[in-house]
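Trainee: sequence below, structure please.
(chains A and B)
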Amino acid sequence: MSDRIFGVFGVLLAIGFAIAALQIEESFLSDAVGPKAFPLIIAAILGLSSAVIALKPDAAPHWPSLARLAELAAAAVVMLLYARLLPELGFVFATALAAAYLSWRLGNAVLMAIATGIGTSVGIYVIFHLVLGLSLARGPFGF
Amino acid sequence: MDILSSLADGFGVALTFQNLGLALLGCFLGTIMGALPGLGPSNGVAILIPLAFTLGLGPTPSLILLTSVYYGAMYGGRISSILLNIPGDEPAMMTCLDGHPMAKKGLAGEALSLSGIASFVGAFIATWGLILLAPQLVKIALLFGPAEYFALFALAFMTLGGVSSTNQAKSAFAAMLGLGLAMIGVDTQTGVPRFTFGEVHLYDGLDFLVAIVGLFALSEVFIFLEERHGNSDAKGKSLIIGRLTPPWAMVKACTPTMLRTSVLGFVAGVLPGAGASLGSFISYSMEKRLVDKAGTFGTGDPRGVAAPEAGNNAAAGGALVPMLALGVPGSGTTAVLLAVLLSLNITPGPLLFANNPDVVWGLIAALFIANFMLLAMNIPMVGLFTRVLMVPPKVLMPIVAMVSFVGIYGISGSTFDLYVMVAFGVAGWLLRKLDIPLVPVILGTLLGNAMENNLRRAITIDDGNWWTLIDSPLAIGLWAVAIVGFVLPLIVGARIKARMRRRDEEGAIAD
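Mentor: Numbering: from 1, shown residues only, chains lettered A, B, ... in the order given. Purely as a prediction, here's the structure:
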C-alpha cells in the first residue's frame, strides 16, 4: 500500500515538474535544445517509474507507530529551530540544547543527556574552533 | 616506466608533513567510523567534506584526507562484524559469517589481525590495479565526444540500480529525482532561472554537499530515533580478544584465498553499480565453492574471514577507477568523493590525468601510504578501536547531527542551507523506508548539469539532430551496455539479492 501511495505521489510530482518545466522562459539566445527539453525528459521517466512503482508495489515497509512518527517530526522541528536560533544564541548554547534534546530522545536519562549535550557542544567548539580555526556562529557572548 | 616515474612524482607530492599527517588522521577517523555501527564509509566521508573545505585544504590534501577515511572505513567495518556480529557497514556484512564464530571460539584477536592482513592485501592489489587500469581507461575516454559522454552518464544511471536495489523502477525514480534536483537554479547556457519559484537562494542551485550530508548523515539520525535502539551498549560485553597476531600457518593457508578474492573484488569494484558490498559477497561465495571441502565455512573458518575482507577492500580500490578515469563513480562513497572534486573545481575524467597529474598521482601514492598506515594501525592498535565500539548511539548520533550542522554552516554560513539539509534528512529517511536507493539521487544531483550540457552540446553541434546521440559505434556500444545493465538485473539481480539476504539470515541464526 505504501508503494501505491508513493507511486501516485511520484506521478503527481512528475506532472508538477513537467508543468514547471513548460513555464521556463525561453531566452532569445537559445541553443538548439533549449532549457526545457532535458527537464521534460526527466519528468517523463520520473512519471513512468512512479507509475510502475504504483502498479507493481513491493511489500510495505514496517512503519513506526504514530507516537514514533511524532517523535521524528519533533526532532525535525528541533533541528529547524536549531538552524533558526544558531546565529542568535551562538554556537555553544544552541548546540548544547539541540544535542541534549537528541540524546534524551535517543533514550538517555535527562541528566546524562544534558551532560552529553554540553560535552558535544564544548568538544566541537574546542576541536573545530579553537584547534582547527573553523568559524562558528557567534552569539551575544561571542561564542 | 612512464607509470613508475609518475608514481615517483606522486610520492613526492604525498610525502609532505601535512599530507602524511592528513593521511594518518584520515585513517584513524576512517577506522573509527567504519567500526561504529551506523556510520559507514559514505556518511563518514560526507560529514568530513565540509571540514576539509573550511580548513582551506587544497585539492590534493583534501582528497588524501578523504580517501584515507574511505580506505579506513573499509578496514574498520570488520571490527564490529567480528566482535559484535553487527556489520559496521554494509560491505562488512559477509565478514560476520565466519568472523563472529571465530571470536566466539576465543580467536577474536586472530580474526581481527588476519582480516587486517586480508584488507591490506586486497587494498594493495587494488591500488596497483588502479594504476594499471585507469590510464588505459583514460585512453578510451579521450575518444569520447559529448554524445558518448551523454551515453556514459546514462549507462552509469542505468547500471547503478543493478545490485543496490531489487526494484529497477525505484532506482530509476531515484536517479530522476536526483537529476530533477540538479535542474534547480539558473540554466548555465541561457541564463534563465529554472524551478526556483522566485526564491533567490535557489538561483545558484542546490549545493550537492548539503544534499549529501542531509541524505546520508542526518537520515541516519532519524533512523536511530525511530528505532531508538540503544542496542550496541548492551552488547559492549567484553569478548576475550586473545593474541593479536595470527599464527603463520593461518596466514599461509589463507594466502591463495586472499589473492584470488582481491582480483575478483577489484573487478567487481570497477563495474558500475556494484561496489564493495557485491565485492565481498561474490568473494565469499566463490571461496566457499572453491575451497570449502569440509563444510567449515560459517563456523569460524579463517578463510571465510579473509575472503570477504580482501574482496571488499579490493572493490573499494576498484571503484576509484571509473570515478577518476571517467568521472562516473560506481558506488556511494566514490560519488561522495566526486562531489569533493567537483566542489574544488576539478573535473575528473581523462583531462584530470593530463591537467592535474599531481592530484591523481599524489592521491595514488597517498593510497599506498594510507594502506601501510592502516595495516600498522589495525593490528597492534585494534584494542583501541574495539573500545570505541562501546560508544552508544544515544551519545554518537547527537554528535553526528551536530558535526553535520557545523560543517554545512561552516561552508556557507547560511541558515537557508541548514533548512534544506534538514529537509534532505527527512526525505532521506522516507526514501530509505520505502527502499529507494539514495546513491542514484546523489549521483543525479552531482552529474545532472554535466549530463544536460553534454546532451545539448552534442545536439547543437549537429544542428538540432537528436539522432546524433546514437551516431557513433562507441555511443551505440555504450547504450547497448546500458540497456543490458538495466534489463539484466530484472532477471538475475533479484536472485543474487535474495541469496545475500538468506546468507545474512543464516548468519543470524547460526549465532
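
Trainee: ok, B:D204 to chain A distance?
Mentor: 16 Å (Cβ to the nearest Cβ, to the nearest Å). Glycine gets a C-beta too; all of them are placed from N, C-alpha and C.

Trainee: that residue contacts B:V186, correct?
Mentor: Yes. In this structure, B:D204 is within contact of B:V186 by Cβ atoms under 8 Å, at 7.5 Å.

Trainee: the two: which has the busier surroundings?
Mentor: Between B:D204 and B:V186, counted using other Cβ atoms under 10 Å in any protein chain shown, B:V186 has the larger neighbour count: 16 against 11.

Trainee: point out the residues in the stretch 1-150 of chain B that sit beside chain A.
Mentor: For the stretch 1-150 of chain B, the residues in contact with chain A (Cβ under 8 Å from any Cβ of the partner chain) are B:L51, B:T54, B:L55.

Trainee: could the residues you listed go into a markdown table alongside secondary structure, neighbour count and pLDDT?
Mentor: As requested, the residues of the stretch 1-150 of chain B next to chain A are exported to a markdown table (DSSP: H, G, I helix; E, B strand; the rest coil; neighbours: other Cβ atoms under 10 Å in any protein chain shown; pLDDT from 0 to 100):
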| residue | secondary structure | neighbour count | pLDDT |
| --- | --- | --- | --- |
| B:L51 | helix | 22 | 76 |
| B:T54 | helix | 20 | 73 |
| B:L55 | coil | 16 | 74 |
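
Trainee: stretch A:75-91 vs chain B: in contact?
Mentor: Yes. For stretch A:75-91, a contact with chain B is found by Cβ under 8 Å from any Cβ, at A:A75, A:A76, A:M79, A:L80, A:Y82, A:A83, A:R84, A:L86, A:P87, A:F91.

Trainee: can you check stretch A:1-9 too?
Mentor: Yes. Contact of stretch A:1-9 with chain B (Cβ under 8 Å from any Cβ) involves A:S2, A:D3, A:F6.

Trainee: for the second one, give me its contacts.
Mentor: Applying Cβ atoms under 8 Å, 6 or more residues apart in numbering or on different chains to A:D3 gives the contacts A:I53, A:A54, A:P57, A:D58, A:A60, B:L434.

Trainee: excluding chain neighbours, what is closest to it?
Mentor: Excluding its sequence neighbours, the residue lying closest to A:D3 (Cβ to Cβ, 6 or more residues apart in numbering or on different chains) is A:P57, at 3.2 Å.

Trainee: least confident pick among the residues of stretch A:1-9 next to chain B?
Mentor: Here the lowest pLDDT out of those sits on A:S2, with 85.

Trainee: can you tell me which residues contact that residue?
Mentor: A:S2 touches A:P57, A:A60, A:P61, A:W63, B:K433, B:L434, counting by Cβ under 8 Å, 6+ apart.

Trainee: need the helix or strand of chain B with the lowest average pLDDT.
Mentor: The least trusted helix or strand in chain B, going by mean pLDDT, DSSP states H and E, turns out to be helix B:231-234, with a mean of 43.

Trainee: count of residues packed around residue 26?
Mentor: Went with chain A since none was named. Applying other Cβ under 10 Å, we find 11 residues neighbouring A:E26.

Trainee: actually, chain B is the one I wanted.
Mentor: If we define neighbours as other Cβ under 10 Å, then B:G26 has 28 of them.

Trainee: same thing with the one 4 residues further on?
Mentor: Residue neighbour count, defined by other Cβ under 10 Å, stands at 29 for B:G30.

Trainee: for it, which non-adjacent residue is spatially closest?
Mentor: Nearest non-adjacent residue to B:G30 (Cβ to Cβ, 6+ apart): B:G72, at 2.1 Å.

Trainee: tell me if the one you found really is in a helix.
Mentor: Yes. Counting by DSSP: H, G, I helix; E, B strand; the rest coil, B:G72 falls inside a helix.

Trainee: am I right that it is in contact with B:T31?
Mentor: Yes. At 4.5 Å, B:G72 counts as touching B:T31 under the criterion of Cβ under 8 Å.

Trainee: tell me how far the strand or helix carrying B:E226 is from the chain's mean position?
Mentor: According to DSSP states H and E, B:E226 maps onto helix B:219-227. How far helix B:219-227 lies from its chain's middle: 21 Å, per Cα atoms, centre = their mean, to the nearest Å.

Trainee: quick one: low-confidence parts of the stretch 151-300 of chain B?
Mentor: Along the stretch 151-300 of chain B, the parts satisfying pLDDT under 70 run over B:161-166, B:228-243, B:272-275.

Trainee: flag every residue of it that's near chain A.
Mentor: Counting by Cβ under 8 Å from any Cβ, the stretch 151-300 of chain B sits next to chain A at B:166-167, B:169-170, B:172-173, B:176-177, B:179-180, B:183, B:187, B:189-192, B:194-195, B:218, B:221-222, B:224-226, B:228, B:230.

Trainee: re the thing from before, with respect to B:R289, which of the residues of the stretch 1-150 of chain B next to chain A is nearest?
Mentor: B:L51 (43.7 Å; Cβ to Cβ).

Trainee: biggest helix in chain A by residues?
Mentor: helix A:66-89 (DSSP state H).

Trainee: Three-state assignment for B:D435, please.
Mentor: Assigned state for B:D435: coil (three-state reduction, three-state DSSP).

Trainee: that one and chain A, how far apart?
Mentor: Taking Cβ to the nearest Cβ, one finds B:D435 at 6 Å from chain A.
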